[in-house]
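In: Make a model of this:
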Amino acid sequence: MENWIDLETFDIKKFAESLEKDCQEGVKWERRKLQWIREEKAKQEIGKSEAA
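Out: Presented below is the predicted three-dimensional model:
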């Protein structure tokens, strides 16, 4: 198995910071999606209560 990482120039700290940033962005969007779902559910509940 070949190793495609140049160990002489590879900056592990920069790589870890990049992973951290990507993960934080992913969590932000997942939270936003859940917020959208909650908002849609609340709208549906309001519509049901008004219809009743």
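In: need the contact list for residue 38.
Out: Residue 38 is in contact with no residue at all, counting by CB atoms under 8 Å, 6 or more residues apart in numbering. The way it works is simple: take the backbone N, C-alpha and C, and place the C-beta from them, glycine included.
In: which element is it on?
Out: In the assignment (DSSP states H and E), residue 38 maps to helix 12-51.
In: Report the rounded mean pLDDT for that helix.
Out: The predicted model assigns helix 12-51 a mean pLDDT of 93.
In: if I look at residue 35, how far off is residue 41?
Out: According to CB to CB, to the nearest Å, residue 35 and residue 41 sit 11 Å apart.
In: What of residue 24?
Out: Applying CB to CB to residue 24 and residue 41 gives a distance of 26 Å.
In: Next: residue 50.
Out: Taking CB to CB, one finds residue 50 at 15 Å from residue 41.
In: Which of the two has more residues huddled nearby?
Out: residue 41 (10 against 7; other CB atoms under 10 Å).
In: and stretch 41-51, how far from the chain's centre?
Out: Relative to the mean C-alpha coordinate of its chain, stretch 41-51 is positioned 28 Å out (CA atoms, centre = their mean, to the nearest Å).
In: Many thanks, we can stop here.
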